[in-house]
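# generate a structure from the sequence data that follows.
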Amino acid sequence: MIKVAVTGAAGRMGGRIITLVTEAEGLAVAGAVEMAGHARLGEDAGYVAGCGLLGVAITESLEQALADADVLIDFTFPEVTLANVAACARLGKQMVVGSTGFTPEQRETLTGFAKDIPIVFAPNMSVGVNLCFKILKDIARTLGDGFDVEIVELHHNKKKDSPSGTAVRMGEIVADALGRDYNQVANYHREGMCGERTREEIGMQTVRGGDIVGEHTVYFVGMGERIELTHRAMSRDMFARGAVRAADWLAGKPAGLYDMQDVLGLK
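Now for the predicted structure:
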């Protein structure tokens, strides 16, 4: 039995992860964490998630939540995630990270902990999105430099980071396939007399509104033709299901940094 601890246990994502863990064969909820002062501290995690009593109380102590757990599933924020991964490394626990908005320096810090424990780190846990990642590499390599690349992402009005981690990963994949440095060619803003578009740049545009779960489109625009690859998320369950699948996959893996491409066997 793989025992799972979950951060943000009283939130929408945390609740769905807890529910899906209880439905998965060979997995069980062993710990649930929320921020200090949260109104639902001390309550049963299963009751809060709506999946029945589990005998696991929501706590503000990560160490307490990890005491009987094998793996932590974390969908929080970069600063919180880095503190959590440091605790997991100290306690020898595996970790699944679905948080987004990391700076390059924060990603490097997270990667450093993978020397001690196995970590699945993915900006998007969706099976469909990760298949798109694989397809994007093939499209970019085939089209080469003859097509302009633009990425447009849409999310709900509560999302704090921009562009999304998924959009950034798409840009990185395309840039790498074309032999470019994403950090040098990403163009996040166009306004006024900004000049002609360069051949190398990858446009990154962001839309925020309403309750959009997530939509990403990569445009490859050539002379007289255009290719569009779009993924639309209809429910947050797809992220939660991917995270639970990753937690199951991590069992027995050696220390190292993995992603959903590894989990899904797409490499």
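
# quick one, strands of the stretch 1-150 of the chain?
Secondary structure of the stretch 1-150 of the chain (DSSP state E, counting those that start in this stretch): strands at 2-6, 27-33, 58-59, 71-74, 94-97, 118-121, 148-155.

# just give the closest residue to Arg199, not the sequence neighbours.
Asp145 (6.4 Å; Cβ to Cβ, 6 or more residues apart in numbering). Heads up, the C-betas are built off the backbone N, CA and C, glycines and all.

# with adjacent residues omitted, what lies nearest to Gly52?
Closest to Gly52 by Cβ to Cβ, 6+ apart is Gly46, at 5.1 Å.

# tell me the angle the longest helix seen in the chain makes with strand 148-155.
Longest helix of the chain, by residue count under DSSP state H: helix 127-143. Helix 127-143 runs at 170 degrees relative to strand 148-155, counting by axes from the mean of the first three to the mean of the last three Cα atoms, to 10 degrees.

# could you say what helices and strands helix 127-143 packs with?
In terms of contacts (3 or more Cβ pairs under 8 Å, 6 or more residues apart in numbering; DSSP states H and E), helix 127-143 is packed against helix 165-177, strand 214-221, strand 226-233, helix 237-249, helix 260-263.

# rerun at 6 Å
The helices and strands touching helix 127-143, judged by 3 or more Cβ pairs under 6 Å, 6 or more residues apart in numbering; DSSP states H and E, are helix 165-177, strand 226-233.

# of those, which stretch is the most buried?
helix 165-177 (a mean of 22; mean count of other Cβ atoms under 10 Å).

# quick check: what element follows that helix along the chain?
helix 182-185 (DSSP states H and E).

# okay, buried residues for that following helix please.
Along helix 182-185, these residues count as buried under the neighbour rule (16 or more other Cβ atoms under 10 Å): Tyr182, Val185.

# contacts for the next helix or strand after that helix?
Sequence order places strand 186-187 as the next helix or strand after helix 182-185, per DSSP H and E. Under the contact criterion Cβ atoms under 6 Å, 6 or more residues apart in numbering, strand 186-187 has outside partners Gly171, Glu201, Ile202, Gly203, Met204.

# each with direction, which strands does strand 186-187 pair with?
Partners of strand 186-187 in the sheet, by DSSP bridges, are strand 202-208 (parallel).

# and the partner strand, which residues are buried?
Ile202, Gly203, Met204, Gln205, Thr206.
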